[in-house]
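Visitor: Predicted model, plus sequence, below.
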Amino acid sequence: MTLSTGEVLQNRYRVVSLLDQGGMGAIYRVWDTRLNIPAALKEMIPQPRLDATTVAQLRQQFHQEAIILAEMNHPHLVNVTDFFEEEYSTYLVMGFIEGESLASRIAREGALPESQVLAWAWQLLAALAYCHSRGVIHRDVKPQNVVIRPEGQAVLVDFGLAKLWDPRDPHTRTAMRGTGTPEYAPPEQYNGHPGHTDPRSDLYSLGATLYHTLTGQAPLTATNRMAGRDQFVPLRGLNSDVSAQTEAAVLRAMELERNKRFQSAREMAMALNGRGPTLAHQAVSPPSDPPVPAVSRSPAMPPGAPPTVLLPNLAPLATASPPAPHPPAAAGKPSLRSTGSGLVIATPENVAWLLSQPRPPAPRAQRQPQ
């Protein structure tokens, strides 16, 4: 049911305008009359012909997922603030992100500069690393779900297809069934595929998003690529200005076989910075039941401090003393800096410096006396 302008839900959210509409529901701009701020309201409509028991199960799963999403806090993720049901529909309330979707930017300008795209890529990889560390798979990364703020920061929005993922249990559940958008969805995300989605599925979708952003053309769907592998045009075949390093990283993220893709957001970030393997044909063994790392909340930051971005599995950072000064990053290359407290600060000017540093040497094995 389409909501009307001026309609009020829960005696709190007044509908301002319709932002987008699809087969599973719609997204509205609303005004939160309690906090006097704008918000985004996502309406989830159950698929037709579903029996009442299935609909009840889906709503319960979605409720559980909404609670987890509401606990997440990251500068490059939209905040989930509320969840409720009204009549036959389920609603998710998210922060309203001022800006322009990446899809609109591509439609207006075509292929975008590599340095800018890489800055956004590192921000989105930081967001995905945070999601994956908490067992959440987004499952719908695409240009339409990336908002570029007026100050130039990228924010990943719309958790409508997000999935609760336990890496120790391959039989995971999807809160609201869906396959994502075909051009950006990996093969395992299609209904009926014997596999299941995991963090590598999001990396495929991000790779497809970067392909579109750097070329101005959406990639072939995974099914079309499998039907005719010679039809897929490598990135530099459409934009020769893109570096070979970036092309190799994007193509590896878009591998049809999951074991050939990057195994983590951190690994993909390193490859985009030239510090990791990028060869598309290089297979990597799948992770063996990795535990979900705990993510600690950062202490309160002083006013004006840069946003805190926690990337799991980075090389250990010194915690006893403040970080030593480092040389400035190359122009257009983001980097990471330690706060001296075990956290990592990400800014659009610098993300790659820390990733470029060598890992501490592994401790030598002690020889036992004869």
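Guide: Yep, that arrived.
Visitor: which residues sit in contact with the residue nearest to residue 93 when sequence neighbours are not counted?
Guide: Distances taken as Cβ to Cβ, 6 or more residues apart in numbering place residue 82 nearest to residue 93, at 3.7 Å, with adjacent residues excluded. All C-beta spots, glycine's among them, are computed from the backbone N, C-alpha and C. By Cβ atoms under 8 Å, 6 or more residues apart in numbering, residue 82 lies in contact with 70, 91-93.
Visitor: Residue 82 in helix, strand or coil?
Guide: Three-state assignment for residue 82 (DSSP: H, G, I helix; E, B strand; the rest coil): strand.
Visitor: Then residue 20?
Guide: Following three-state DSSP, the label given to residue 20 is strand.
Visitor: quick one on the thing from earlier: could you write me a PyMOL select line covering just the buried ones among the contacts of residue 82?
Guide: Here is the PyMOL command that selects the buried residues among those (16 or more other Cβ atoms under 10 Å):
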select buried, resi 70+91+92+93
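Visitor: need the contacts of residue 82 in JSON lines with distance to residue 28, can you?
Guide: Converted to JSON lines, these look like this (distance: Cβ to Cβ, whole Å):
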{"residue": "70", "distance to residue 28": "19"}
{"residue": "91", "distance to residue 28": "9"}
{"residue": "92", "distance to residue 28": "11"}
{"residue": "93", "distance to residue 28": "10"}
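Visitor: Relative to residue 224, which of the contacts of residue 82 is nearest.
Guide: Using Cβ to Cβ, residue 92 comes nearest to residue 224 of the contacts of residue 82, at 31.9 Å.
Visitor: List the contacts of that closest one.
Guide: 41-42, 44, 62, 66, 69, 80, 82-83, 159-160.
Visitor: Isn't residue 86 up against residue 11?
Guide: No: using Cβ atoms under 8 Å as the test, residue 86 is too far from residue 11 to be in contact (11.0 Å).
Visitor: neighbour-wise, which of the two wins?
Guide: residue 86 (12 against 8; other Cβ atoms under 10 Å).
Visitor: Now do the strands in the protein.
Guide: 8-9, 13-22, 25-32, 37-44, 80-86, 89-95, 100-101, 136-137, 146-148, 154-156, 163-164, 173-174, 335-338, 344-347 (DSSP state E).
Visitor: Put together JSON lines for these, with mean pLDDT on each row.
Guide: Converted to JSON lines, the strands of the chain look like this (pLDDT from 0 to 100):
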{"stretch": "strand 8-9", "mean pLDDT": "96"}
{"stretch": "strand 13-22", "mean pLDDT": "90"}
{"stretch": "strand 25-32", "mean pLDDT": "91"}
{"stretch": "strand 37-44", "mean pLDDT": "91"}
{"stretch": "strand 80-86", "mean pLDDT": "90"}
{"stretch": "strand 89-95", "mean pLDDT": "89"}
{"stretch": "strand 100-101", "mean pLDDT": "94"}
{"stretch": "strand 136-137", "mean pLDDT": "86"}
{"stretch": "strand 146-148", "mean pLDDT": "96"}
{"stretch": "strand 154-156", "mean pLDDT": "96"}
{"stretch": "strand 163-164", "mean pLDDT": "49"}
{"stretch": "strand 173-174", "mean pLDDT": "41"}
{"stretch": "strand 335-338", "mean pLDDT": "37"}
{"stretch": "strand 344-347", "mean pLDDT": "39"}
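Visitor: Verify the stated contact: residue 103 with residue 147.
Guide: No: Residue 103 is beyond contact range of residue 147, at 9.9 Å (criterion: Cβ under 8 Å).
Visitor: Same drill for the two, tell me which one is more crowded.
Guide: Neighbour tally, residue 103 and residue 147, criterion other Cβ under 10 Å: the higher count belongs to residue 147, 22 against 18.
Visitor: Look up how far residue 237 lies from residue 217.
Guide: 11 Å (Cβ to Cβ, to the nearest Å).
Visitor: quick one, which of the two is more surrounded?
Guide: Neighbours per residue (other Cβ under 10 Å) separate residue 217 from residue 237, with residue 217 holding more: 16 against 10.
Visitor: residues contacting that one?
Guide: Neighbours of residue 217 in contact, by Cβ under 8 Å, 6+ apart: residue 238.
Visitor: Check it and give its pLDDT.
Guide: In this model, residue 217 is scored at 95, pLDDT.
Visitor: ok, now how distant is it from residue 243?
Guide: Plainly put, residue 217 is 18 Å away from residue 243 if you go by Cβ to Cβ.
Visitor: Equivalent analysis for residue 44, please.
Guide: Residue 44 is 41 Å from residue 243, by Cβ to Cβ.
Visitor: Settle it for me: which of the two has more neighbours?
Guide: Between residue 44 and residue 243, counted using other Cβ under 10 Å, the more crowded position is residue 44 (18 against 14).
Visitor: The more buried one bridge partners, please.
Guide: residue 25, residue 90 (DSSP bridges).
Visitor: Okay, it and residue 198: tell me how far apart.
Guide: 23 Å.
Visitor: repeat for residue 242
Guide: Per Cβ to Cβ, residue 242 is found 28 Å from residue 198.
Visitor: same question, residue 213
Guide: Relative to residue 198, and taking Cβ to Cβ, residue 213 is found at 24 Å.
Visitor: And the two? Which one has more around it.
Guide: Neighbour count, other Cβ under 10 Å: between residue 213 and residue 198, residue 213 has more, with 24 against 21.
Visitor: For that one, give me its contacts.
Guide: 102, 106, 111-112, 117, 120, 143.
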